[in-house]
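Trainee: Provided below are the primary sequence and the corresponding predicted coordinates.
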Amino acid sequence: MGISVDPQEGSKNGDQGSWSSFRFLTRRKLVDSAERKAEGLLAKDLSVPHLIAVGVGATIGAGVYVLVGTVAREHSGPALAISFLIAGIAAALSAFCYAELASRCPSAGSAYHYSYICVGEGIAWLIGWALILEYTIGGSAVARGISPNMAALFGGPDSLPIFLARQHIPWLDIVVDPCAAILVFIVTGLLCIGVKESTLAQGIITSVNVCALIFVIVAGSYLGFKSGWVGYQLPTGYFPFGIDGMLAGSATVFFAYIGFDAVASTAEEVKNPQRDLPLGIGVSLFLCCGLYMMVSVVIVGLVPYYAINPDTPISSAFANHGMQWAAYIINAGAFTALCAALMGGLLPQPRILMAMARDGLLPPFFSDIHKSTQIPVKSTIATGLVAAVLAFFMDVSQLAGMVSVGTLLAFTMVAISVLILRYIPPDEVPLPPSLQESIHSVSIRYGGSNDEKDVKDAVGNVGTSGGAKPSVAEEDISLEYPLIPKNPTVGNYINERNRRQIVGWVITLTCLGVFVLTYAASDLSLPSSFRFTLCGIGGTLLLSGLVFLNCIDQDDARHNFGHSGGFLCPFVPLLPIACILINSYLLINLGGDTWARVSVWLAIGVLVYVFYGRTHSSLKDAIYVPAKQVDEIYRTSQDV
C-alpha cells in the first residue's frame, strides 16, 4: 500500500502566511532543533532539590495562612482537609501531564512550548500571551501583599520606616507601595545573578516557611490533644455544609496548588530533565498537599469552624489557647512564603518571553542570553520593571482572577497536548529553507517518483504543517502508523489512511463535549429543558470520545517523539480528559468580569500576533518533511 501527499492547490509559491489562508495558525515546531541543542544557551545547573525549592516556593504562598479560615467558615467546615486532598488530586492530574511533556520536550517555555509542538502556532501564541499576563499580575499581587506582613512582623501597620510604608497620594487617589517595588527589584537582581544562586536563595526562604508550618502542625497537635479537639466535637457533624459544600471548598483551594508549572519552565536548565523534572513536579506537589492537609486538620480542630477568624485564622487559633507569642513565628512564615512566591512568580516569565522571542513571535531583544550568567537578563529586567511599576502604583488584588485564567488555560492545553502526542503525534517536522537541496535529494530517494517536478513543487510548499510537505510515494503505511486496533469492530471502519484525521476529530469533539457539559452544568440561568439537553449532548460527546480512544491503540510513533526515557502519564486517555473536564469547569465559573478583562488582553495579543508574530515567525518559510527523513537530510547537508 502506498501514500502520496500532494501539495495543496494555490500554495506553490510558498505563500502560507497570506491573508487568504489561515494555515499559519497550525505551524508546529520541532521538540528542539539541532542548532539549539548545540548552542546550549542556558546553564544546566539545576537538580531535584533546586526544582523542589522552586515548586514548593511558588506554590505555598501566604494564602494558606488565610485560606484555611475562609474556606472552613464558608464551605467545608471540619472537612477542610478533605477539600485540600480532592483539590490536590485534581492538581495532580495536570501535574502528570506536565511531567510527561516536560521530560519529552525539555526546553524553556512550559505550556507555550508544548502547545507549539503539539497543536500549532496560533494556540501557542494565546497560551504564551495568557502566561505573560498570569506571571505579571501574579507577581505584582504577591509583592503588594508583602508590606502588610512585614509590618505585622515588626509590630504593626505603623512600624515600617516611612520610605517603606504605604503612602496615599491625594491628587491621584492611589496608594503607592515602595516596599513592594523595592522587593521586586531585589528579587530581579537575584534572578539575574544565576539560576542556581537564585534557586538556592529561594530554597533557604522556602525552608523558613516550611519550618513555620511544621511548628503550626506540631504545636497545634499538642494543643489539640490537650484541649480535646473541640473543633471536631460539634453537633453539626463533619460535613456541616454537606458534600456539595466540601466540593465547593475543593474548587476554591485548588488555586492554592498553582505553582508547580514554574518547575516545567526551568526545563532547559535541568541537568537530567528526563529524571529530575517529573521528580521535582511530583515531590513538590506531594509536599504541598501534605502540609496543607495537616495544617487544616490542626486549625479546624483547635477552634470550631464557625468561630475561626477569617483574616488571621492560624494566629488567632493559637491566641485562643494562650500562645500569643506564636503569632511572630506565623507572621515570619507568611512573610517568607510571600517572598518565595514572588521569586517563583518572576522566575518563569523571562523564560516564556525568551522562548517566544526565539520562535520569532516577539522581538529578538527578549531572547538575548548573558554570556557569563547564562540567564535571559534582558527579559528578566523587563519583567522586573513591569512588575515593580504595577506593584508600586496599583492594587491588583481585584485582577487576581485573571491569573487563574492563564493557569487553567495552560493546564487544559497541556492535557490536550498529551492526547495529541499519544494518538496523533506530529509526523512531519519543519526544516529551514537553507536545506532545500538536501530535502530535494532525500525526497527523491524516498519517493521513488519519476516526476521530478512534483517533488520540486512539494519542496516549494513552506510555512504550514497542513499537508505541505515533500511527496512520499510507495511508502508502507504500516511502518509509519503501526497501529493495531484493540477492538476489531472499530478496526473494520478505520484504516491507516484516514486514522489520523478521524482521531483528530474525535479529540476535538471530545473537548467540545467537555465545554458544552461544563457550561450547561454551571449556567443556572438557562431554562431547565435546554440546560438538560445541552448536558446530554455534551455528555454524549464526552463519553463517546472516551470510549473510542479506549478502543484503539495509541500510535507507536509516540515512542520516538521527543526525548525518550522520561515519565509517562498513566491512564491515558481517562486522566487527560478528566483534567480537561476539571479545568474547563473552573474556567467557566471564574465569572463574567474576569473573562471581560482577559478578553481585552487576549484581543491585544491577537493584534500583536497578526502585525508582528505572524510575519516574523521562525517557521514562516519552513519546509515540512516526514520526521523519519530528518536525520538523513542533515547528513546529506553535511556531506555537500
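Mentor: Cool, got the structure. Numbering: from 1, shown residues only.

Trainee: CA only for contacts and neighbour counts going forward, please
Mentor: Noted.

Trainee: which is the next helix or strand following the longest helix along the chain?
Mentor: Secondary structure of the chain read by DSSP state H shows that its longest helix is helix 195-227. Sequence order places helix 242-253 as the next helix or strand after helix 195-227, per DSSP states H and E.

Trainee: which residues does that following helix contact?
Mentor: With contacts defined as Cα atoms under 8 Å, 6 or more residues apart in numbering, helix 242-253 is touched by 67, 71-72, 75-77, 79-80, 82-87, 239, 586.

Trainee: closest to V389 among the residues you listed?
Mentor: L67 (27.5 Å; Cα to Cα).

Trainee: which one is the closest one nearest to, not counting chain neighbours?
Mentor: Nearest residue to L67 in three dimensions, chain neighbours excluded: V253, at 7.4 Å (Cα to Cα, 6 or more residues apart in numbering).

Trainee: tell me the SS of V175?
Mentor: Under DSSP: H, G, I helix; E, B strand; the rest coil, V175 falls in the strand class.

Trainee: so what's the residue count around the residue nearest to L67?
Mentor: Using other Cα atoms under 10 Å, the number of residues around V253 comes to 24.

Trainee: check the gap between it and I52 for me.
Mentor: Note on V253: its distance to I52, by Cα to Cα, to the nearest Å, is 21 Å.

Trainee: same check, this time on N550
Mentor: For N550 relative to I52 (Cα to Cα), the value is 34 Å.

Trainee: look at the two and report which has more neighbours.
Mentor: I52 (26 against 17).

Trainee: wait, the more buried one sits on P278?
Mentor: No - using Cα atoms under 8 Å as the test, I52 is too far from P278 to be in contact (10.5 Å).

Trainee: show me the shaky parts of this structure.
Mentor: Residues of the chain meeting the criterion pLDDT under 70: 1-21, 32-40, 397-398, 447-497, 639-640.

Trainee: quick one, strands of it?
Mentor: 167-169, 174-176, 428-431, 623-626 (DSSP state E).

Trainee: the last one packs against which elements?
Mentor: Secondary-structure packing of strand 623-626 (3 or more Cα pairs under 8 Å, 6 or more residues apart in numbering; DSSP states H and E): strand 428-431.

Trainee: okay, now the sheet partners of the strand it packs on, with direction.
Mentor: Using DSSP bridges, the strands paired with strand 428-431 are strand 623-626 (antiparallel).

Trainee: for the residue lying closest to L385 once chain neighbours are set aside, what are its contacts?
Mentor: Distances taken as Cα to Cα, 6+ apart put F185 closest to L385, at 7.6 Å, once the chain neighbours are dropped. Counting by Cα under 8 Å, 6+ apart, F185 makes contact with 384-385, 388.

Trainee: so which of those belong to helices?
Mentor: Per DSSP H, the subset of these in helices is 384-385, 388.

Trainee: centre-most residue in the protein?
Mentor: Among the residues of the chain, the one closest to the centroid is A410, at 4.2 Å (Cα atoms, centre = their mean).

Trainee: that residue is in contact with G109, isn't it?
Mentor: No - counting by Cα under 8 Å, G109 is not a contact partner of A410; they are 11.2 Å apart.

Trainee: from V253, how far out is W595?
Mentor: Between W595 and V253 the computed distance is 20 Å (Cα to Cα).

Trainee: kindly apply the preceding question to L25 instead.
Mentor: 35 Å.

Trainee: over to H370?
Mentor: As judged by Cα to Cα, H370 and V253 stand 39 Å apart.

Trainee: helices of the stretch 451-600 of the chain, start to end?
Mentor: Using DSSP state H, counting those that start in this stretch, the helices assigned to the stretch 451-600 of the chain run over residues 452-459, 477-480, 488-493, 499-522, 528-551, 574-588, 592-608.

Trainee: sweet, I'm off.
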